[in-house]
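Q: After the sequence you'll find the predicted model.
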Amino acid sequence: MLYVKNLYKSYQTGKNKYQVLNGVDFCVEKGEFVAVMGPSGSGKTTLLNCISCYIPFDKGEITIGGTDLAGLDDAGLAHFRNTQLGFVFQDFMLLDGLTIRENILVPRIVQGEVSGEAEELADRLTALFGIQHIAAKYPAEISGGEKQRAAVARSLINNPLIILADEPTGNLDSKSSRAVIESFGEVKKRMDATIFMVTHDSFAASFCDRVILLKDGSIYRQLERQGERGQFQDQLLIAIKEMTE
Amino acid sequence: MSQTLTMKKMEQRLQRADRKHAHLYLFCNFTALMIISAYSGMMLSPTVQTTFPPGGDSRKQMNAIFILTLIGCVVFTIYAAGLFFRHKSRQLGILMALGASRKRLMPGLFREVLFLSGFSCTAGILAGFPFIWIIWSLFRLLLIDSSDMRLSFDPVCLLISFAFLLAVAAFSCLLAWHYLRRTNIMEVIREEHINEPVKEPGKWCAPAGCILLAAGVLLGYCTPIFYFHEVQALPPVWMNLLYAPAFAGLYMIMLHAVVHGFGRRKHAPYKNIIARSMMKFQGKQTVNNMIVVTLLIASACFGIFYIPIISIGTIMGYHAQPYDYFYHYRADQTLPDRESIETLAAEYGLSLKDWGEFDYITLAFGALTSIMEEDGKHWHDEYVPICIEKRVISEDTWNTLTGENIDVLPGTYLCITNQEETAYSMINSTKHITNMVTRTQISTQYAGLLHYDLMTDARGYCVVDNADYALLSEGLTDDWKGRIVSFNVDGKDSYPFADALFHHMVSCFDENCFTAVYHNRITSIRAEEQGIADWQAPDPMMRIDPAEADSLTFRQNWEYIPRFRILSMNDFLLSTSVFLMMFLFIFIVCILTVLIICYTRCQTIALNNRYIFDDLKKLGASPGFLDREVRSQCGSVFRVPAVVALIAVYLFFILLLYGNDGQLVYSEIVSLGACLGIEAALSILIYGVYRVTVAGIRQKLGIFL
């Protein structure tokens, strides 16, 4: 589903050049829920932004569902982003002037039409994530957890190939975090969705099938979940400790 | 509802929700266009165009300040647009992140900015004219109302306003396009948090800036004067570039203010450190804005100082007049005699005293004159024995008129000047005086100055020995002879009497006498004798229209303008009303622009840093501490440009007044005192707006003391 091959990305600040991604290679299979973890500055968010095509990368190859993103022009990229990718951001990125239901429908509105089918899907998604009671409210009127669940619903409105999530629990309390991360699990189970998530939270990562540990712009280690979530979280904590020592 | 939600409708909903962010943008566009249309409307109005002499300093000053105001408006319009798009960029970024292509977003965004800029600018243009009308009417109602002040507009002024409207719309679309074409969507989303830091200069920056500022002003002002006198040529235009170091100095002072701030911090190095760091990271625009504000305050003061400078000296001169009524006329004219004036005075319940009548003659004086070379740039000085026309009285006449007892040596002459010795008509190079009818000529030499304010005008009077006077007046026809009349009113004077006498006198002169005081008959005679064209003949400036007897042009330029104290004092403001109005208007417009720029800049700094204020609150900062940080930032934006501009323009004015005649006379010192008063009043106004701005920001940031 998602193939990242030999990815390089650097930032230039004045005369100084910082290498952030240093030849990253990995793939994510369809229906897989994968997290990327790593210390601050390891390149997690940069990796996600490159995959999302929000920022250009220096070298390498990214293909999603067989499409090479580097070969797309602006319009093609925008279309691909709209129809094949779903996004969940740390700070929700909901539009303040629209209701929650309308926010969920934004990717369809961007396409140019909101069909009855899309509206039904929006209603089903609000029901699935337990936010139907706030569907007519505005973002400023609801909690952070509700906003993030609305963002997850929005990411699914176009039935994308993959959902890309950037620290989705980063701004939430533990209860809301659990609700959001469980909603990802629900999506994976019911819709066979592929999810790629960047997080620093071992609790959130422990819900995943696989975790990629990133250190100094390179993959340090990959861990696959085999067994209970709690055990997997313990494994993750040990691996992270080893990585940072 | 969402069944009908299309892209267009969604954009409209978002625009409605964003309206509050658009307020500042709308306000700035509106104000910029109102100021520009009002200024151009006023500047190009037929009234102002006919009053301000073409090529004159006042017109140049008006045009230069207009350009500066235009720059000021451009600055705050650009800034407001930038601020609007910073808010807007998050929304654009989210839509782009969710797959909206640039092509898809562009029409909606262009529609929005074109609507906002078109609406606000059109409203501003329309408001500009009532704005002029209100100021004009208030001026006429509260200060001066004169026949010169006819409010009329030239439709050409609309071209400037519409050009600016188009520029605003084009710039907004360009900015929209710039945001949309960014490839890094995360940058678009986080645009609000992007800073614009400046490079940190050393502590030498402000002192070096002050030196450059002073050097630029001195070089720019003094070099052309030096060049004029030493090279004997008109200073080339490029010499204006010598002012350039002043601008560099100004930039350095503002940069220092933004990066380091002023004041000693040896004992409290961390004082206002947060405010300074915030300022530093918004540095580029802040420094630019502060420079424009400084120049605008300086322009405003330059405009408004015109009023005390021209009025105080003149009014003091009227008070010092030894006679209430003083006038002269050519001997070939029939003016009302003493009896008829006394009869007229009686009609107004007045009686006259101290009546005096004196003869004068008009002669040709030789003079050192500047002859322009063929290149039109250089000249050389040459003595011309028959050169300019001067009025001459005998030493006896002088002694009778003034009560002095002077003895003028034969073959010498004395020039009459005012007490402050600032009259332009003084001449000290004469070697010959000639009777233009008989061509009798005597040799003479300059013997010094006499002081009598009422006998100073562009033509000027001289005093000669009685025998020389008798010799030179022999054979003169009446058109080269004249009479001076002076008298006082016994008791309180009457304006209606003075006005009636003035208009009656004007009606008594024949057409030949309505010439400007700087019209020189000698030039015409010499031209005729040499068989060349008289350059004065076709010049309309040399003729004065008696129908415009109440106008400034008539009262300033007519050769035989009588000096009636009560009339002069009352009509001074009337006759200069259009000038006063224009410079007052310039002052209002410049200060309005300054206050808006400072207000928007402070809002921007505070709002862009609201996250820092939130963090400081979380770290336990007290409202008092936060308030100090807000005041520190706003204080720099308001205080530094105001202090620099007020000091610089004041010193520059002292330099100008001193440079006029190499001295500061009493009336100039009094005028400078009045200018200081204006600066104090302006400082209070700026401080008031600073307080209002700080209060507004405090409220927006949720700082409750």
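A: In hand now; what should we look at?

Q: Up against chain B, what does chain A have?
A: For chain A, the residues in contact with chain B (C-beta under 8 Å from any C-beta of the partner chain) are A:49, A:52-56, A:74-75, A:78-83, A:85, A:87, A:89, A:93-98, A:101-102, A:105-107, A:109-114, A:116, A:119, A:122, A:154. To be clear about C-beta, it is placed using only N, CA and C from the backbone, and glycine gets the same treatment.

Q: if you set the cut-off to 6 Å instead, what comes out?
A: Within chain A, the positions adjacent to chain B are A:49, A:54-56, A:75, A:78, A:81-82, A:87, A:93, A:96-97, A:102, A:105-107, A:109-110, A:114 by C-beta under 6 Å from any C-beta of the partner chain.

Q: out of these, which are buried?
A: The neighbour-count test (16 or more other C-beta atoms under 10 Å in any protein chain shown) marks A:49, A:54-55, A:78, A:81-82, A:87, A:93, A:97, A:102, A:105-107, A:109-110, A:114 as buried among those.

Q: among the residues you listed, which two are most distant?
A: A:Ile55 and A:Val114 (29.9 Å; C-beta to C-beta).

Q: ok now do the residue most central in space within chain A, which residues does it touch?
A: The residue lying closest to the centre of chain A (C-alpha atoms, centre = their mean) is A:Ala165, at 1.5 Å. With contact set as C-beta atoms under 6 Å, 6 or more residues apart in numbering or on different chains, A:Ala165 has these partners: A:Val88, A:Met197.

Q: Could you tell me whether it really is in a strand?
A: Yes: secondary structure of A:Ala165, determined by DSSP: H, G, I helix; E, B strand; the rest coil: located in a strand.

Q: Show me what the lowest-mean-pLDDT helix or strand in chain A is packed against.
A: When each helix and strand of chain A is scored by mean pLDDT, DSSP states H and E, helix A:174-191 comes last, with a mean of 83. With contacts taken as 3 or more C-beta pairs under 6 Å, 6 or more residues apart in numbering or on different chains; DSSP states H and E, helix A:174-191 sits against helix A:144-156.

Q: and the gap between B:Ile312 and B:Ser683?
A: 21 Å (C-beta to C-beta, to the nearest Å).

Q: Go through chain B and flag its longest strand.
A: strand B:351-372 (DSSP state E).

Q: Centre of the chain to that strand, how far?
A: Relative to its chain's centre, strand B:351-372 lies at 34 Å (C-alpha atoms, centre = their mean, to the nearest Å).

Q: and if you look at stretch A:105-116?
A: The answer for stretch A:105-116 is 21 Å, by C-alpha atoms, centre = their mean.

Q: hey, C-alpha coordinates of it in CSV?
A: Presented in CSV, the C-alpha positions along stretch A:105-116 are these (Å, rounded to 0.1, in the frame of the first residue of the first chain):
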residue,chain,number,x,y,z
LEU,A,105,-17.9,16.8,4.4
VAL,A,106,-15.2,19.3,3.5
PRO,A,107,-13.1,16.8,1.4
ARG,A,108,-16.3,16.0,-0.6
ILE,A,109,-17.1,19.7,-0.9
VAL,A,110,-13.6,20.3,-2.3
GLN,A,111,-14.4,17.7,-4.9
GLY,A,112,-17.3,19.8,-6.1
GLU,A,113,-20.3,17.9,-5.1
VAL,A,114,-21.9,16.5,-1.9
SER,A,115,-24.1,13.6,-2.9
GLY,A,116,-26.8,12.0,-0.7
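
Q: ok, whatever residue of the stretch 401-550 of chain B ends up closest to chain A - contacts?
A: Per C-beta to the nearest C-beta, B:Thr422 is where the stretch 401-550 of chain B lies closest to chain A, at 59.7 Å. Listed by C-beta under 6 Å, 6+ apart, the contact set of B:Thr422 reads B:Asp661.

Q: could you redo the last one with a cut-off of 10 Å?
A: Contact analysis of B:Thr422 by C-beta atoms under 10 Å, 6 or more residues apart in numbering or on different chains lists B:Gly313, B:Thr456, B:Asn660, B:Asp661, B:Gln663, B:Val665, B:Ser667, B:Glu668.

Q: with those in mind, which one is nearest to B:Gln61?
A: Distance to B:Gln61 across these (C-beta to C-beta) is lowest for B:Asn660, with 15.5 Å.

Q: hmm, back to that, take the buried ones among the residues of chain A next to chain B and keep only those in helices.
A: Counting by DSSP state H, those place A:Asn49, A:Ala78, A:Arg81, A:Asn82, A:Glu102, A:Leu105, A:Val106, A:Pro107, A:Ile109, A:Val110 in helices.

Q: Can you tell me which of those residues is closest to B:Arg526?
A: For those, the residue nearest B:Arg526 by C-beta to C-beta is A:Ala78; the value is 83.6 Å.

Q: wait, which of the ones in helices among the buried ones among the residues of chain A next to chain B is closest to chain B?
A: Among those, A:Asn82 lies closest to chain B (C-beta to the nearest C-beta), at 2.2 Å.

Q: what's near enough to touch the closest one?
A: Residues in contact with A:Asn82 (C-beta under 10 Å, 6+ apart) are A:106-108, A:110-111, A:158, A:160, B:95-101, B:104.

Q: what does B:Leu241 give?
A: Contacts for B:Leu241 (C-beta under 10 Å, 6+ apart) come out as B:Gly216, B:Leu219, B:Gly220.

Q: how close does the first one sit to chain A?
A: It refers to B:Gly216. B:Gly216 sits 32 Å away from chain A, going by C-beta to the nearest C-beta, to the nearest Å.

Q: got it, and the last one?
A: With distances defined as C-beta to the nearest C-beta, the gap from B:Gly220 to chain A amounts to 37 Å.

Q: what about that residue, neighbour count?
A: By the criterion of other C-beta atoms under 10 Å in any protein chain shown, B:Gly220 has 18 neighbours.

Q: That one is in contact with B:Asn240, isn't it?
A: Yes: the pair B:Gly220 and B:Asn240 qualifies as a contact (C-beta atoms under 10 Å) at a distance of 6.9 Å.

Q: what's the overlap in contacts for the two?
A: Both B:Gly220 and B:Asn240 lack any common contact, where contact means C-beta under 10 Å, 6+ apart.

Q: Please identify the helix or strand for residue 223.
A: Picked chain A for this. Secondary structure from DSSP states H and E places A:Leu223 in strand A:218-224.

Q: um, chain B though
A: Residue-wise, B:Thr223 maps onto helix B:205-230 under DSSP H and E.

Q: Which elements pack onto that helix?
A: On a contact count with 3 or more C-beta pairs under 10 Å, 6 or more residues apart in numbering or on different chains; DSSP states H and E, helix B:205-230 meets helix B:244-259, helix B:623-661.

Q: pLDDT averaged over the longest one, what's the number?
A: On average, the pLDDT along helix B:623-661 is 87.

Q: Please see if whichever helix or strand comes after it touches chain A.
A: For helix B:623-661, the succeeding helix or strand toward the C-terminus, using DSSP H and E, is helix B:666-700. No: applying C-beta under 10 Å from any C-beta of the partner chain, one finds helix B:666-700 separated from chain A by no less than 16.7 Å.

Q: just checking, what packs against helix B:666-700?
A: helix B:283-319, helix B:577-608, helix B:610-618, helix B:623-661.

Q: picking up where we left off before, can you lay out the ones in helices among the buried ones among the residues of chain A next to chain B as a markdown table showing pLDDT and distance to A:Cys208?
A: Below are those laid out as a markdown table (pLDDT from 0 to 100; distance: C-beta to C-beta, whole Å):
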| residue | pLDDT | distance to A:Cys208 |
| --- | --- | --- |
| A:Asn49 | 87 | 20 |
| A:Ala78 | 85 | 29 |
| A:Arg81 | 86 | 23 |
| A:Asn82 | 87 | 26 |
| A:Glu102 | 89 | 31 |
| A:Leu105 | 90 | 28 |
| A:Val106 | 88 | 27 |
| A:Pro107 | 88 | 24 |
| A:Ile109 | 86 | 31 |
| A:Val110 | 83 | 29 |
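
Q: With that, I have no additional questions.
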